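> Show me how the following folds:
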Amino acid sequence: MQTKKSLDQAALVPYPNTGYLIPDYFGTANWAYSPPLRKFIDAMPGLGQGSKNALGQYIPIAVPDTKTYPGSDYYEIAVVEFKEKMHSDLPQTTLRGYVQLSTAVVPGAHIALTHNGVPIVKGDGTQAYGVDAPHYMGPAIIAARDVPVRIKFHNLLPTGAEGNIFLPVDTTVMGAGMGPQGMDAMPMDYTQNRANIHLHGNNTVWISDGTPHQWITPAGEDTPYPQGVSVVNVPDMENADDPRDGIQTLYYTNAQSARLMFYHDHSYGITRLNVYAGEAAAYLLTDKVEQDLIHGTNTTGVNPGLQKLLPELGIPLVIQDKTFVDASTILSTDPTWAWGTTPRTPNTGDLWYPHVYSPAQNPWDPSGANAFGRWMYGPWFWPPTTNIEHGPIPNPYYDPVNAPEQPPMMPATPNPSMPGEAFMDTPLVNGTAYPYLEVEPKAYRFRILNAADDRFFNLQMYVADSSGYISPDTGYATEVKMVSACGTPGIPADWPSGVPDPALKGPDWIQIGTEGGFLPAPVVIPSQPITWNLNATNFNFGNVDQHSLLIGTAERADVIVDFSQYAGKTLILYNDAPAAFPASDPRYDYYTGNPDQTAEGGAPSTKPGYGPNTRTIMQIRVAASAPAPSYDISALETAFSKTDTKRGVFEATHDPIIIPQAAYNSAYNVNNLPADAASAYVQLQEFSKTFSPIDASGVLQPPVTLQIEPKALQDEMGEVYDTGYGRMSGMLGLEFPVTSSNLNQFVVYGYASPPVEIIKGTANLNATPIGSLHDGTQIWKITHNGVDTHTIHTHLFSAQLINRVAWDGAMLPPDPNELGWKETFRVNPLEHTIIALRPSIPSPAQVPFEVPNSVRLIDPTMPEGAVLTPPPPVGWFDPLGNPINEITNHYVNFGWEYVYHCHILAHEEMDMMHAIAFAVPPKAPSSLAANLIGSFFNKRVVLAWTDNSANETSFTVQRAVSSSGPWTTLATLPADSTSYTDSIGIGINTYYYRVVASNTVGDTATPGFPTMTVDSGFSNVVKVISNQVQPPAAPSNLTAIRLTGLRVRLTWRDNANNETGFVIERSDNGGAYTVIGLGYLGSVSFTDRFVLPGHKYTYRIAAVNAGGMSAYSNTATVNM
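Residues are numbered from 1 along each chain as shown. Modelled structure (predicted):
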């Protein structure tokens, strides 16, 4: 490669329209590095004010209001902008995060909330007060199973220009730029202070899921787009439903087992930035089984020994990576940085985020590569992306004499541009950089969450190297002793070189749960450095094959660690997961003594005791006190196992798994679950799976067969890419249903596409399958043709990881800690990942209100009728591969709309996300009534019913001549219909009627895309005898007028067409009514000639025929 010469800020050229500087793509790093922070100076903050560190950090615990909505825990939560000190060597960092608001029921500390010294006011103009001050990763909500949580969410972020986030927003990203009104709207772009709440792992109704289109803006924001198109408030909660009030209501069923969830932002186009800025917090759900294991009780039958096996609810370890601005160096490595709390002037302590898309290629360099490049650039990749909107443009820095490293052309990508990924240099735990934790020599429970935007963690523990660097500030060792990269005699045969010394391994992890709740059995996981599959004959060569506690983005681990053997020791929580995963870029691997990589756009070598360092996450100081007895793992294993005399933890807390495997034998107290690959796993060549499911007791049932749903994941440049600028992208899609060597094709779709994942539900809101099982099960085979491991997260659904299988047929069973139920899965390149989904739609008893469908434009950022942007490389295809010329933007019924997506957040917003449309049957209509009217050749049956649902798309009226059918469809009526008239002419039959509501979900306008119709139960059946005379309709508008000569004139309106006459009745001075006359057919008047002076007469009239008498008319009174 040619020698590189970095351009300083003064030499850079601004874009003509934005004022931002055009990056030097080929001679500058365009990256930033945190200041050299001392490691392990600050204590790790914990839950509650009692766990506050010297920086003032802790994670507040939300206080429930149990009075406002009896039977539910209620919270008012706001998103605000605030500052917090995250390390002793940093000034305060500006953040955005959640805070609980004071109410009359839960006032808390009643802290007046401010932003830059100015009071924060609520939408009604009053001062906002907090139950506690805002703190990073707070407030944590602790909930109980089957006790709903209700939230009123306030967006209290700044408005106007102050509402712009302090991170670079790429307005070319879907959902972050121009809205559907285009330049006719002012301002024309979506605002940067949009926010929402997605409870990650919940199983609630879609209106409270927090999908990308369910964001709100603050009250008073000047925008034509005050909220997302899918915002629907909880019907039975107080809310004015003003789209500009900055308020949203949410409802969570908590109808799940104990687990750690978390709530975070999911706003369209800015999710990665909002989460990185701090919009995330813990949500801990507990249940009676967990409480038995904590307190040594046995209310659930899992703990007859009454042992206290779990150390409380546990200590949260929320791990992330961030980069902090160093104002003294940033302009030399990232000279176009123009964001932060003092835009265009770097401010130390601000959060930094990458904003220059540096191409990995340089066709004019002898090597063909750009030393400073980070991501593939389509026009310079094979096959080249020649159909993008903005291809390479002339390089303003091209100077073959004075800057020969500068090529004549450069990408037209904007600045700011979203990156391929954002791998940062400083790990945080609970919001503190490089913290330490002091523990006693006993067992502790940790609830670990990987809340990083993009980075994986392979967590291990090692005793710190006491012969190495000792911090002069604390007196503790800060580094991990390594073995030689050239190999060291005596280490285990499978232990790699250039990694921590295995002789200093710390305590094992005892994992008991994941994001899906408790595992079938505890899993002991020793420290183990990352290794890769280096067998060049394997198709999945280069994938990670050995690891310790590996946690991808958004995954959780519930673990017990026994420190009883480490009294007086200093331990280091160590990470060596590659970034990207699995194909590491060494510039993202920050560790003590690493090579100086400034010549390639990387960081200088890291010094001992300082950052940047992504390997040494935190320090654990074990007290030199008398140790507790070793943790009794055999007792824990006994508690988890089901026996003839006790329940098992997994069996007592979860639905039965879908495809039985021998690994679940102890969970169900059986020994016959399949162990052979043919029965227990899905082979790559299988397109359907026949297996025997189990009941709740683990007993095998008769075989069933399900078709395998072929899904696809593609992230290779040239096959999927950003069609605007040629940047990297990733997309989900479908494989052809039956793939073979002569028919092997992916069909990829972006988020703004007709839905292709449609799941069917039943009338009682429990899902049913497209197949043979009764409970909604589907088996997905996700085929990954690409380079990165992706963490695929499914909203709403719990799923079982069945197995992985490489493209060459190598079978890869789940890791023991991947068993059970999960909602976030690692999907590896050149492998099939097979999961079995079980929808967990809440029951009517869990949801005390009706829920409408999500009906919206396919792309809400574009006007109706606009031509949608097709996916690369060659446009639209339907799921069977038939080409479609174009699709215009139109309204689609997404049913109960959820999403599934990659939880590497940069990938999610590079379009690796799909809508999931759940077709939920409507509630059945009721109170069907029939009225026969007319006569002779004009008989008609008027039907009326009660519409009980909020999600029907039509009603069907059916008729039969027998109560048992067969039934003939008379009409299909639009939603909200409540009546229908059946013209039966001279009919002389007896007829039976019933009505059913239907819900059609999917894109009915675009040929080839799937739709699904689900029906309610039938209404009651009504019987009509058509030759039976029906009583006539009652007359109305009766008047009585006194005439001369002691007479009263009556007139009325005849409302019937089948009367034979009228009966006229009179009451004299308030006495009983008596018949005083009869009116003939069609008459509308009558004269009463028999009246006396001084009397008060009241009249009423009814129509009559052979079927009986109508109701009476109104009364009319006259005084003589």
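> who does the lowest-mean-pLDDT helix or strand in the chain touch, helix- and strand-wise?
Least confident helix or strand of the chain, by mean pLDDT, DSSP states H and E, is strand 1108-1109 with a mean of 84. Strand 1108-1109 sits against no helix or strand, with contacts defined as 3 or more Cβ pairs under 8 Å, 6 or more residues apart in numbering; DSSP states H and E. Backbone N, C-alpha and C define where each C-beta goes, glycine included.
> from the chain's centre, how far out does whichever helix or strand comes after that strand sit?
Beyond strand 1108-1109 on the C-terminal side, the first helix or strand identified by DSSP states H and E is strand 1116-1119. Distance, stretch centre to chain centre, for strand 1116-1119: 69 Å (Cα atoms, centre = their mean, to the nearest Å).
> List the strands paired with the least confident helix or strand of the chain, with their directions.
Next to strand 1108-1109 in the sheet, as set by DSSP bridges, lie strand 1096-1105 (antiparallel).
> then the partner strand to CSV, C-alphas only?
Provided in CSV are the C-alpha atoms of strand 1096-1105 (Å, rounded to 0.1, in the frame of the first residue of the first chain):
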residue,chain,number,x,y,z
LYS,A,1096,-108.9,15.6,30.3
TYR,A,1097,-108.4,12.9,27.6
THR,A,1098,-105.2,11.0,26.8
TYR,A,1099,-105.0,9.0,23.6
ARG,A,1100,-102.8,6.2,22.2
ILE,A,1101,-102.9,4.1,19.1
ALA,A,1102,-101.5,0.7,18.0
ALA,A,1103,-101.4,-1.0,14.6
VAL,A,1104,-102.8,-4.6,14.3
ASN,A,1105,-102.8,-7.5,11.9
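> Now it: buried residues?
By neighbour count on 16 or more other Cβ atoms under 10 Å, the buried set for strand 1096-1105 is Tyr1097, Thr1098, Tyr1099, Arg1100, Ile1101, Ala1102, Ala1103, Val1104, Asn1105.
> Tell me who's in contact with the fifth one.
When contacts are counted by Cβ atoms under 8 Å, 6 or more residues apart in numbering, Ile1101 is found next to Pro1035, Leu1038, Leu1050, Trp1052, Phe1062, Val1063, Ile1064, Glu1065, Gly1079, Phe1086, Tyr1112, Ser1113.
> among those residues, which two are most distant?
The distance between the two most remote of these (Cβ to Cβ) is 14.7 Å, for Phe1086 and Tyr1112.
> the more surrounded of the two?
Comparing Phe1086 with Tyr1112 by other Cβ atoms under 10 Å, the one with more neighbours is Phe1086, at 20 against 16.
> Apart from its neighbours in sequence, what residue is nearest the more buried one?
Of all residues not flanking Phe1086 in the chain, Leu1050 sits nearest, at 4.6 Å (Cβ to Cβ, 6 or more residues apart in numbering).
> what is that neighbour paired to in the beta sheet?
The partner residues for Leu1050, given DSSP bridges, come to Ala1040, Phe1086.
> how much space between the residue positioned nearest the centre of the chain and Gly1002?
The chain has His795 as the residue nearest its centroid, 4.6 Å off, counting by Cα atoms, centre = their mean. Using Cβ to Cβ, to the nearest Å, we find His795 at a distance of 18 Å from Gly1002.
> where does the stretch 451-600 of the chain have low pLDDT?
In the predicted model, the stretch 451-600 of the chain carries pLDDT under 70 at residues 487.
> Correction: the previous question concerned the chain.
In the predicted model, the chain carries pLDDT under 70 at residues 1-6, 240, 487, 739-744, 762-776, 840-841, 936.
> where along it do the helices fall?
271-277, 288-295, 330-333, 633-640, 649-653, 665-668, 677-680, 905-908 (DSSP state H).
> Straight-line length of stretch 877-896, end to end?
25 Å (Cα to Cα, to the nearest Å).
> sorry, that was for stretch 347-362
33 Å.
> can you give me how far that stretch is from the chain middle?
Using Cα atoms, centre = their mean, the offset of stretch 347-362 from its chain centre is 27 Å.
> Also stretch 715-731?
Distance, centroid of stretch 715-731 to centroid of chain: 24 Å (Cα atoms, centre = their mean).
> cool, stretch 559-571 as well?
When C-alpha coordinates are averaged (Cα atoms, centre = their mean), stretch 559-571 and its chain have centres 36 Å apart.
> how long is that stretch from one end to the other?
17 Å.
> Could you give me the buried positions within that stretch?
Across stretch 559-571, burial judged by 16+ other Cβ under 10 Å covers Val559, Ile560, Val561, Asp562, Phe563, Ser564, Tyr566, Ala567, Lys569, Thr570, Leu571.
> circling back: quick one: contacts for the residue nearest to the centre of the chain?
His795 neighbours (Cβ under 8 Å, 6+ apart): His198, Asp209, Thr211, Glu823, Tyr898, Val899, Tyr900, Ile916.
> Of those residues, which is the most crowded?
Glu823 (29 neighbours).
> related to what we said a few turns ago, any chance of the contacts of His795 in JSON lines, plus distance to Tyr58?
Output for the contacts of His795, formatted as JSON lines (distance: Cβ to Cβ, whole Å):
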{"residue": "His198", "distance to Tyr58": "24"}
{"residue": "Asp209", "distance to Tyr58": "29"}
{"residue": "Thr211", "distance to Tyr58": "31"}
{"residue": "Glu823", "distance to Tyr58": "28"}
{"residue": "Tyr898", "distance to Tyr58": "34"}
{"residue": "Val899", "distance to Tyr58": "33"}
{"residue": "Tyr900", "distance to Tyr58": "34"}
{"residue": "Ile916", "distance to Tyr58": "37"}
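> Which members of these are positioned in strands?
His198, Tyr898, Val899, Tyr900, Ile916 (DSSP state E).
> Contacts only, for Gln1028.
Gln1028 sits next to Leu932, Gly1107 when contact means Cβ under 8 Å, 6+ apart.
> what do you get for Gly733?
The neighbours of Gly733, taking Cβ under 8 Å, 6+ apart as the test, are Lys711, Ala712, Leu713, Gln714, Phe746, Val747, Val748, Tyr749, Val756, Pro871.
> and Gly296, how many neighbours?
Gly296 has 14 neighbouring residues, counting by other Cβ under 10 Å.
> how about it, phi and psi?
Backbone torsions for Gly296, taken as degrees, to the nearest 10, come to phi 70, psi 30.
> residues touching the closest residue to it other than its chain neighbours, list them.
Closest residue to Gly296 apart from its sequence neighbours, by Cβ to Cβ, 6+ apart: Lys308 at 4.1 Å. For Lys308, the contact set (Cβ under 8 Å, 6+ apart) comprises Leu293, Ile294, His295, Gly296.
> out of the residues you listed, which is most surrounded?
With neighbours defined as other Cβ under 10 Å, the most crowded of the contacts of Lys308 is Leu293; it has 24 neighbours.
> ok, that one to Gly761 distance?
34 Å.
> same thing with Leu1092?
On the measure of Cβ to Cβ, Leu1092 and Gly761 end up 72 Å apart.
> Hmm, Phe797 and Asp209 touching each other?
No: the pair Asp209 / Phe797 is not scored as a contact, 11.6 Å apart, by Cβ atoms under 8 Å.
> Identify the contacts common to those two.
Common contact partners of Asp209 and Phe797 (Cβ under 8 Å, 6+ apart): Tyr898.
> still on that earlier bit, look at Leu1092 and Gly761 and report which has more neighbours.
The neighbour comparison of Leu1092 against Gly761 (other Cβ under 10 Å) goes to Gly761, with 22 against 10.
> Name whatever forms a beta bridge with that one.
According to DSSP bridges, beta-bridge pairing links Gly761 with Ala767.
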